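S.K.: what follows is a predicted protein model with its sequence.
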Amino acid sequence: MVVLPLCTFANVGWYSWLFHAGKVTIDVGENYQKQTWRNRFDIAGPNGSFACTLTVRGLKGVKTPMHAIETIDDGWRHTLTRTLATCYSPAPFFEHYWPQLEQLLKTNTNKLADFNKLTLEWALEALDIAPNIVFSNEYIEPDAMTLDLRDAFKPSKSQIHTPPYQQVFSDRCGYIDNLSIIDLIMNLGPEAYLYLRAYRPDDV
């Protein structure tokens, strides 16, 4: 069994696991971890990679399951919408995918897990894939039969390297590794499916 965390607009490496693993359990019962891709994602800008972050309610040292984490309406939706439109409007498939993405960003939900599930639904539709996903509201204890990838999706620990593809700012910044699935979809469109099919994580 492969266990993944529930991330915001998860990166290409995360989606490669989802594509190839056959069946994936997404743990929303795990305790929320700060400074991870659970409430942030990386995109390409004119000066290189930078992180987009969703503001969550302060935890003050209290362990809280992922499904209970709330976002704070401090304007992050507006900022995120403007940032994505600015960075990806030159992308080849921006006009095709942007209307639904923009609508998603306006969705009124205050739970981080609910928003992250919406980002997953958007990406699966854009990629035209229907993987076997199970959501667990209870923490999954790892065992010998479990490939636990929950700690693999922290920016500080990531060892994921993805094959190069043409990106909006490649002429300025070169290829930027393992960005959000937004980047892959906006740049490759329908060929994002073929990219994921060809790119397999080492341990699948």
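M.R.: Cool, got the structure.
S.K.: what about the residue lying closest to L105 once chain neighbours are set aside, which SS state?
M.R.: Distance criterion C-beta to C-beta, 6 or more residues apart in numbering; nearest residue to L105, sequence neighbours excluded, is T81 at 4.8 Å. C-betas here are computed from N, CA, C, even on glycine. Following DSSP: H, G, I helix; E, B strand; the rest coil, we place T81 in the helix state.
S.K.: correct me, but T81 touches L104?
M.R.: No. Between T81 and L104 there is no contact under C-beta atoms under 8 Å: 9.8 Å.
S.K.: ok so, going back, ok, the residue nearest to L105 - contacts?
M.R.: Contacts for T81 (C-beta atoms under 8 Å, 6 or more residues apart in numbering) come out as 102, 105-106.
S.K.: for those residues, pick the one with the most neighbours.
M.R.: Among those, L105 has the most neighbours (other C-beta atoms under 10 Å), with 19 neighbours.
S.K.: and L127, what is it in contact with?
M.R.: Contacts of L127 (C-beta under 8 Å, 6+ apart): 15, 181, 185, 192-193, 196.
S.K.: now, the contacts of T81 that are in helices?
M.R.: Among those, the residues falling in helices (DSSP state H) are 102, 105.
S.K.: got the contacts of T81 as TSV, with distance to M145 and pLDDT columns?
M.R.: Compiled in TSV, these are given as follows (distance: C-beta to C-beta, whole Å; pLDDT from 0 to 100):
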residue	distance to M145	pLDDT
E102	41	98
L105	38	95
K106	41	93
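S.K.: nearest to W76 among the contacts of T81?
M.R.: The nearest member of the contacts of T81 to W76, counting by C-beta to C-beta, is L105 at 9.5 Å.
S.K.: go ahead and confirm that closest one touches L80.
M.R.: Yes. Between L105 and L80 a contact is recorded at 6.0 Å, counting by C-beta under 8 Å.
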